[in-house]
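*Asks:* Structure of the sequence below:
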Amino acid sequence: MEKLDNIVMYSPEDVRKLLHLGNTKCLELFNSEDFPSIKIGRAFWVKADCLEKFLSEKHVIGNKSEDLF
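*Replies:* Residues are numbered from 1 along each chain as shown. Have a look, this model is predicted:
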C-alpha cells in the first residue's frame, strides 16, 4: 500500500492479501474491464476508495456470484 498525500493506492499484492485471492484470480481481476485499476509503467494500482466502491457494487445471491471477477 502506498500513500500519496491523501490518496491510498493498493498494488495487486495488497489486493491479493485483502481479498484472499490467488495470483491468477487477482490478475484476472486487474485485467477485467469493469475493475478500476490503472497501469503506471509496468505496475497496476487501484485507489482504495475505488476498490471499496467496486466491491460494494458486487452482489452474491445464494451460492451463485453475480459478476464477481
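*Asks:* okay, now Leu27: neighbour count?
*Replies:* Number of residues near Leu27 (other C-beta atoms under 10 Å) recorded here: 14. For every residue, glycine as well, the C-beta is placed using N, CA and C.
*Asks:* Next up, the contacts around it.
*Replies:* Residues near Leu27 by C-beta atoms under 8 Å, 6 or more residues apart in numbering: Pro12.
*Asks:* Quick one: the helices in the chain, in order.
*Replies:* 12-19, 23-31, 48-57 (DSSP state H).
*Asks:* Quick check: pLDDT value at the closest residue in space to Pro36 that isn't next to it in sequence.
*Replies:* Leaving aside its sequence neighbours, Pro36 sits nearest to Cys50 (C-beta to C-beta, 6 or more residues apart in numbering; 3.9 Å). Note for Cys50: predicted pLDDT of 95.
*Asks:* JSON lines for the helices of the chain, including distance to Ser37?
*Replies:* As requested, the helices of the chain are exported to JSON lines (distance: least, C-beta to C-beta, whole Å):
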{"stretch": "helix 12-19", "distance to Ser37": "8"}
{"stretch": "helix 23-31", "distance to Ser37": "5"}
{"stretch": "helix 48-57", "distance to Ser37": "8"}
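*Asks:* Measure how buried Val15 is and give me the count.
*Replies:* Applying other C-beta under 10 Å, I find that Val15 has 21 neighbouring residues.
*Asks:* so how far is Glu52 from it?
*Replies:* 12 Å (C-beta to C-beta, to the nearest Å).
*Asks:* residue contacts, Asp14?
*Replies:* Met1.
*Asks:* make it 10 Å
*Replies:* Going by C-beta atoms under 10 Å, 6 or more residues apart in numbering, Asp14 touches 1-2, 8, 26, 45-46, 48, 51.
*Asks:* Give me the below-cutoff pLDDT ranges for this structure.
*Replies:* 2-4, 59-69 (pLDDT under 70).
*Asks:* isn't Lys25 right next to Phe35, touching?
*Replies:* No: applying C-beta atoms under 10 Å, one finds Lys25 not in contact with Phe35, separated by 11.7 Å.
*Asks:* what about Asn31, distance to Thr24?
*Replies:* 11 Å.
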